[in-house]
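**Q** Need a 3D model of the following:
(one chain, ligands or ions: 2)
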Amino acid sequence: MALAVREKHVAQPALRLTRDEAGTLWELSEKSAGLLDPPHSSDLSEFLPDVPAHLRDALLDFREGTASSGYLLVKGVATGDIPDTPLAYGTRALVGHASNGTLALVGDVLGSLIGYADEKNGDLLHDVHPVRGEEHRMENSGSVAFDFHTENVHHPLRPDFLGLLSLRQGHEATATRVASIRHAVAHLSEDENAVLRRLRFRSLFPTSFTRGLTGERPATAEHRVLFGDPGYEFLRFDSFNTKPADLEAERALGALAEALEAVCVEVVLEPGDLLLVNNHIAAHGRSAFTPRYDGRDRWLRRFYSHRAVPGWARLMMPSKRVLPATGDIQGIF
Ligand SMILES: O=C(O)CCC(=O)C(=O)O
Ligand SMILES: [Fe+2]
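**A** Residues are numbered from 1 along each chain as shown. Ligands and ions are numbered 1, 2, ... in the order given. Purely as a prediction, here's the structure:
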């Protein structure tokens with residue numbers, strides 16, 4: 001559907017931590033950060049009741065997945081002393097840093113902080129910053145425009161939530177973009193809506209899961225892109241990796257991309273901003289920017305959280321909080 005006017009919507013903060021709340025969360029984060037590093041139990045449950053109620057209540061509300069916007073922006077999160085933005089992929093520059101505790105606590109209030117064995121070595125917390133030579137990758141190490149996607153579109157156990165905490169804004173007003181399917185459906189025709197609900201799409205494994213693999217990337221079985229009751233729609237879509245089975249499906253995907261664009265909200269994350277996204281309701285992406293590789297580039301930290309991991313998958317986990325490699329559980333769902 002062609003859109004005559006494209007409004008730009010700016011994300012509204014739902015929650016701003018007071019200085020006291022940020023201080024309490026930081027103290028708790030310092031206590032819990034080390035628990036994430038092996039061989040600790042990584043059980044943070046004793047700390048969760050002390051997460052400031054204002055934040056905890058908002059997280060518990062958000063995790064229900066009944067709101068239509070699919071995102072929650074928390075401002076005023078403490079980040080502590082931050083070294084230069086890393087230059088290389090996977091440097092693990094912040095092992096043991098208290099901000100790890102913050103992300104883990106938020107992840108564990110929403111569900112459970114979880115990583116994937118075949119993405120970033122199973123790391124639970126991911127550094128999002130530009131990497132030289134990867135500018136054009138459709139991954140968070142790139143710097144060209146990163147189109148709308150839901151996270152880990154190929155995976156049977158997609159995260160329920162992702163969180164992006166800004167440590168450094170970088171040199172430009174780079175926007176993180178979020179678009180809710182529950183808003184976008186108003187821009188789809190009945191036919192487009194119906195086609196998106198059919199098993200007419202396959203998704204390639206994202207390149208973050210196939211680093212080091214040569215040859216063609218594997219793909220999923222056929223899946224729906226849109227599902228759920230009216231008003232409570234859900235999305236499984238990655239503009240770079242989700243492929244249509246035929247022309248009708250291709251047109252429907254094009255209409256979806258335009259509909260998401262029409263309802264997109266943009267947020268330039270500032271240090272201490274934590275953007276939480278319901279990964280089944282909202283697609284997200286990022287505008288293009290020009291990295292300088294001078295230690296002052298944009299730097300976010302990302303986590304995934306799952307409300308529940310099935311018992312069988314739990315027993316196949318290679319280590320605590322790390323889901324088995326996709327190839328080992330593909331086809332089960
Ligand atoms: O850089 C951003 O704002 C978002 C990157 C992204 O999509 C991700 O890390 O999952
Ligand atoms: Fe992403």
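
**Q** rest of the way, CA atoms for contacts and neighbours
**A** OK.

**Q** Check the stretch 101-250 of the chain for the residue nearest ligand 1 and tell me.
**A** Using Cα to the nearest ligand atom, residue 176 is the residue of the stretch 101-250 of the chain that sits closest to ligand 1, at 4.1 Å.

**Q** quick one: the closest residue in space to that residue that isn't next to it in sequence and residue 61, what's the gap?
**A** Of all residues not flanking residue 176 in the chain, residue 286 sits nearest, at 4.4 Å (Cα to Cα, 6 or more residues apart in numbering). Here the criterion is Cα to Cα, to the nearest Å. By it, residue 286 lies 26 Å from residue 61.

**Q** what do you get for residue 154?
**A** Computed as Cα to Cα, the residue 154 to residue 61 distance reads 28 Å.

**Q** Could you look up the SS state of residue 126?
**A** Taking DSSP: H, G, I helix; E, B strand; the rest coil as the rule, one finds residue 126 in the strand state.

**Q** Can you give me the pLDDT of it?
**A** Per-residue confidence (pLDDT) for residue 126: 94.

**Q** just residue 83 next, same as before
**A** Residue 83 is assigned a predicted lDDT (pLDDT) of 96.

**Q** for residue 1, same thing?
**A** For residue 1, pLDDT reads 40.

**Q** Same question for residue 121.
**A** Listed pLDDT for residue 121 reads 87.

**Q** That one belongs to a helix, doesn't it?
**A** Yes. Assessed with three-state DSSP, residue 121 lies in a helix.

**Q** Any idea how many residues pack against it?
**A** For residue 121, the tally of surrounding residues (other Cα atoms under 10 Å) stands at 12.

**Q** and this structure, which residues reach ligand 1?
**A** Counting by Cα under 6 Å from any ligand atom, the residues of the chain close to ligand 1 are 128, 140, 176, 285-286.

**Q** contacting residues around the biggest helix by length in the chain?
**A** Secondary structure of the chain per DSSP state H: the longest helix is helix 247-263. Helix 247-263 is contacted from outside by 1-3, 6-7, 9, 148, 179-181, 183-185, 187-188, 192-193, 195-196, 200-201, 239, 243-244, 283, using Cα atoms under 8 Å, 6 or more residues apart in numbering.

**Q** Can you list the buried residues in it?
**A** Across helix 247-263, burial judged by 16 or more other Cα atoms under 10 Å covers 249-253, 255-263.

**Q** Could I get these in TSV, plus columns for pLDDT?
**A** Converted to TSV, the buried residues of helix 247-263 look like this (pLDDT from 0 to 100):
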residue	pLDDT
249	98
250	98
251	98
252	98
253	98
255	98
256	98
257	98
258	98
259	98
260	98
261	97
262	97
263	96
